[in-house]
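Chemist: Provided below are the primary sequence and the corresponding predicted coordinates.
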Amino acid sequence: MDAIFLQILNGLDKGSAYALIALGLTLIFGTLGVVNFAHGALFMLGAFCAVTLQKLFSLSYTVIDETQKDFLGNPLKVEVSYLEGWFGKDLGGALADWSVPLSILIAIPIMVVIGFIMERGLIRHFYKRPHADQILVTFGLAIVLQEIVKYFFGANPIQTPAPQAFRGALDFGVLVGFEPGAVIYPFWRLVYFLFAAVLIGAVFAFLRFTTFGMVVRAGMADRETVGLLGINIDKRFTIMFGIAAAVAGLAGVMYTPILSPHYHMGMDFLVISFVVVVVGGMGSLPGAVAAGFLLGILQSFASMNEVKAVIPGIDQVIIYLVAIVILLVRPRGLMGKAGVMEE
Amino acid sequence: MLGLNKRDTRFLIIVILLTLFTPFLLQPFPEGSAMAQFNGGYPDLMAKIAIFGIFAMGFNILFGLTGYLSFGHAAFLGVGSYAAVWMFKLLTLNVFPALILAVLVAGLFSAIIGYISLRRSGIYFSILTLAMAEMSYRLAYSVLTPITNGETGLQVRDTDPRILDGAGAAQYPNLFGLELSTSWDWRVLGHVFTFNVGFYFCAVIAIVMFYVSLRIARSPFGLVLKAIKSNQTRVNYTGMNSRPYTLAAFVISGMYAGLAGGLLAVMDPLAGAERMVWTASGEVVIMTILGGAGTLLGPVLGAGAIKYLENIFSKINEQVLHDWFSFLPDWLADPVVWLASRFTGEGWALTLGLMFMAVVIFLPGGLVEGGQKIAGWFRRKPPADGGDDPEHHPKPAPHVPHMANTGD
Amino acid sequence: MAILEVKDVSKRFGGLQALKDVNLSVAENTVHAIIGPNGAGKSTLLNCLVGKLMPDTGSVLFQGQSVLGRKPHEINQMGISRVFQTPEIFGDLSVQENMLIPVFAKRDGAFRLHPFETVEHEAEVIDEAMAALEEFGMADKRHMHAASLSRGDKRRLEMAMCLVQRPRLLLLDEPTAGMARANTNRTIDLLREIMERRDITMVIIEHDMHVVFSLADRITVLAQGMPLVEDTPENIKGHPKVKEAYLGEAA
């Protein structure tokens, strides 16, 4: 029982990332009708926002500290980060420690702007082109983005730790009545799950309770009619693209302590996220979220040794197997609308 | 000739000549000259061009003719390589059994994957093939290690049984004893031209495969594939079952990919799972689009262009760039070199990505269409319509229609 | 004798009863029109006839054989062809190639792997296609891209593609939708001529009363998924129920 509970918890953080990326993909596909192969790259760019801030916060200069001497009695040269120099040791250190969560503040505007530029500069010209062309041009864009990141940050993963306060693990099992030590869960994963839940809730609330969201939902259902009502749907779709980019970016920012970012991470997540979208149902936002968590948890169950002993290699392929079965048995996906791209 | 009309025969002859003279065409600059680094006439590169040309030709039958965008074709290439290397290990280093098995295994594998993925079309098909290929890739790395040798890759070893090879048999892939790595150099007028058995072997196979794809494109079967691309609903309402047609196209293109994979193993007898990764599938899409999807020669040109540029661009390092731009004043040379080096050497992938976007945005018809456009400007008229549709059936001028014949 | 027999067909989409107990009997070599206001279920009925939709209950018999549950290509092979509301042709192919496909389909059936034959060598197929193009007055346009044809020519091509297969039953979904009056009249003449020259039955779904009364031998009026009346054009014209449900509204 506790093992099952642990696997569900383990699946949640990956599932959260899948759900967030798939949510953005679905928003873009549902509103703009565009299949965006560069969405994984947006996730990766978000992660590198966190890397950038961490690097900025650790920039330092050297001072000669008269109070400390080396073994020859000369004053010691000490590296002091600019932050500590400006804000004092306590506040500066805390800022550096909290660089990942703080990156959210810079990631939102950066990702929204990137989203705007992408939509205005490129995607917009592909609304009327076949899906194949959309796939190909965004695939090219993804390569370009990841090569640019590779140039600035190198090919190796970069460690981006969580704040000190969240580095430990929580004995989660005790809280729900298991033996102590049975269900140990790292704090940051819990944070990531809660963060994802809040973000998903925010997006849904935005779509449900604002006029803007209502128009966008109407546009997802029937673009032409909404256009006929004289509402400038294009502008709203641009903003929607920005929001989707921001969601992917934030998912990337907060994921950095779980997976050290590298330039290729976007491609790795992209394939799975597409599978998630398909399983959830093309164009269904709740479907994307549910499928994200479902596949995350399934994946974590499949990597249990007991399961792998029965079906070797299942952990590697479970997601794809589920997708294949779903597409064949229920092509519209778990929560997709009937008749949407069932062919 | 060979069941082709005059135009197609001429087309085929031109392709044959171009292929056979590749060692000259890709080696235009004298040895030791400043431009020699743009020479591409060495066997390894030329064979790669021929092999990826075959891969792209096959992919074009599915994507260009039938309109199904597969994002998992690298899986068949990889399977072909594994099959060929196993044949080398178990039976003989003669290349023919290896290639035959590569084609058969890839054909079988693509029949299974095609049967499942072709139940959907459009983007669902793309995602299904992507998922299948990714699954194969991961399996090759994990549980299938006994067959694939995991990350190390499958290699030919001295301890392999090779039951058909006697004691004195060749130790490298060979054509009935003639090793593929055998080369002759021809030095003339400061040029060095290399003639390599392996390249010519790949070239001859490429020509045969080109002929096959030409025949397919001109056949009723090919016509149905084009009709499916154009309007699948009408095909079905016309009484044809599009499913077996698409499956046949899928399997044929899978066999082309398997053959290409087998040839890769023939040129260099090892096989690794990285050949199956989905970005490798993306590469063949790029080749096909760059050259011109749906045209016969386009995919081969695209494969040639990509492999040539990859080779040349990757070789250009900062030192080379400094030499090139040494005529510029220093304050200008450094930034120019810096900028240029972003796109060369390690930066080749960036150039590839940009090229890909540029082609999809500006030249969706690829190089072939671009060439036709340019030719059109020279002839001062738009490119000939229905260029590859020779007059089928010379008929006397149609009699006056018995019904008025205007549209609205 | 009835070539097409629709018995008690019902179809429900969620809360909407699209068809309810529809009975229809189409006599051989006649033109049978199905009319009705928007949302009366005409298109749903047509889709049930060609296997695109499966009715919830009832049966559809063509020459005594059930068409339900069969795929579009199987229904075509039984001898039913369909002309769509917006012409479904092969836009990327030439007009002549468009005509070749149905001729190949008639000769080779649902599937034949012939990758090493050559289209150019199929003289009989080409002759048949060319003959059909001439019959429909499109021979001079045979090298044109089908996509570049005018709308009227596209429809004519689609009809030629259906008729070259010598179907027993031709289903037409608003064949004059969006046409100018002159072209509508031309289409009416074309269909009349086909009826005279061939053994063929037609089922036409149409909005334009002019077309219906010029062509139909019998008319079925659908309203809210139910057949209201079935009768000859003369009787339909004066039928009070029809006037009330349809013509009155249109006038």
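Modeler: Cool, got the structure.

Chemist: So residue B:341 is in contact with residue B:314, correct?
Modeler: No - the pair residue B:341 / residue B:314 is not scored as a contact, 11.9 Å apart, by C-beta atoms under 8 Å. Where C-beta positions appear, they are placed from N, C-alpha and C, glycine not excepted.

Chemist: Show me what the top helix by length along chain B is packed against.
Modeler: Longest among the helix segments of chain B by residue count, using DSSP state H, is helix B:242-267. If you count contacts as 3 or more C-beta pairs under 8 Å, 6 or more residues apart in numbering or on different chains; DSSP states H and E, helix B:242-267 packs onto helix B:43-60, helix B:74-90, helix B:95-117, helix B:197-218, helix B:220-230, helix B:232-237, strand B:270-271.

Chemist: which residues touch stretch C:97-111?
Modeler: The contact list for stretch C:97-111 (C-beta atoms under 8 Å, 6 or more residues apart in numbering or on different chains) reads B:220, B:223-224, B:226-227, B:234-235, B:238-241, B:244-245, B:389, C:73-74, C:76-77, C:89-90, C:93, C:114, C:119, C:122, C:125-126, C:128-130, C:132-133, C:142, C:146, C:157, C:160-162, C:164-166.

Chemist: Show me those that map onto helices.
Modeler: Reading helices off the contacts of stretch C:97-111 with DSSP H, I get B:220, B:223-224, B:226-227, B:234-235, B:244-245, C:73-74, C:76-77, C:125-126, C:128-130, C:132-133, C:157, C:160-162.

Chemist: Type out the ChimeraX command that picks the buried ones from the residues you listed.
Modeler: In ChimeraX, a selection of the buried entries from the ones in helices among the contacts of stretch C:97-111 looks like this (16 or more other C-beta atoms under 10 Å in any protein chain shown):
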select /B:220,223,224,226,227,234,235,245 /C:73,74,76,77,125,126,128,129,130,132,133,157,160,161,162
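
Chemist: Show the low-confidence segments of the chain, by residue range.
Modeler: Going with chain A. Low-confidence segments of chain A, defined by pLDDT under 70: A:1, A:172-173, A:182, A:222-231, A:337-343.

Chemist: that's the wrong chain, I wanted chain B
Modeler: Under the criterion pLDDT under 70, the flagged ranges of chain B are B:1-2, B:32, B:34-35, B:167-169, B:380-408.

Chemist: hang on, the earlier thing: between the helices and strands packed on helix B:242-267, which gets nearest to chain A?
Modeler: Proximity to chain A (C-beta to the nearest C-beta) singles out helix B:95-117 among the helices and strands packed on helix B:242-267, at 6.4 Å.

Chemist: burial count for the closest residue to residue C:36 other than its chain neighbours?
Modeler: The shortest distance from residue C:36 to any residue other than its chain neighbours is 3.6 Å, reached at residue C:222 (C-beta to C-beta, 6 or more residues apart in numbering or on different chains). Burial of residue C:222 is recorded as 26 neighbouring residues (other C-beta atoms under 10 Å in any protein chain shown).

Chemist: Now residue B:193: closest residue in space, sequence neighbours ignored.
Modeler: Residue B:193 sits nearest to residue B:186 (C-beta to C-beta, 6+ apart), 4.6 Å away.

Chemist: hang on, the one you found packs against residue B:192?
Modeler: Yes - using C-beta under 8 Å, residue B:186 is in contact with residue B:192, at 7.3 Å.

Chemist: higher neighbour count, those two?
Modeler: Comparing residue B:186 with residue B:192 by other C-beta under 10 Å, the one with more neighbours is residue B:192, at 17 against 11.

Chemist: Where does that one sit: helix, strand or coil?
Modeler: strand (DSSP: H, G, I helix; E, B strand; the rest coil).

Chemist: beta partners of it?
Modeler: residue B:187 (DSSP bridges).

Chemist: Provide a list of residues in contact with it.
Modeler: Residue B:192 sits next to B:27, B:31, B:185, B:186 when contact means C-beta under 8 Å, 6+ apart.

Chemist: Which positions in the stretch 251-400 of chain B make contact with chain A?
Modeler: Applying C-beta under 8 Å from any C-beta of the partner chain, we find that the stretch 251-400 of chain B lies next to chain A at B:278-279, B:282, B:285-286, B:289, B:342, B:347, B:349-350, B:352-357, B:360-361, B:364.
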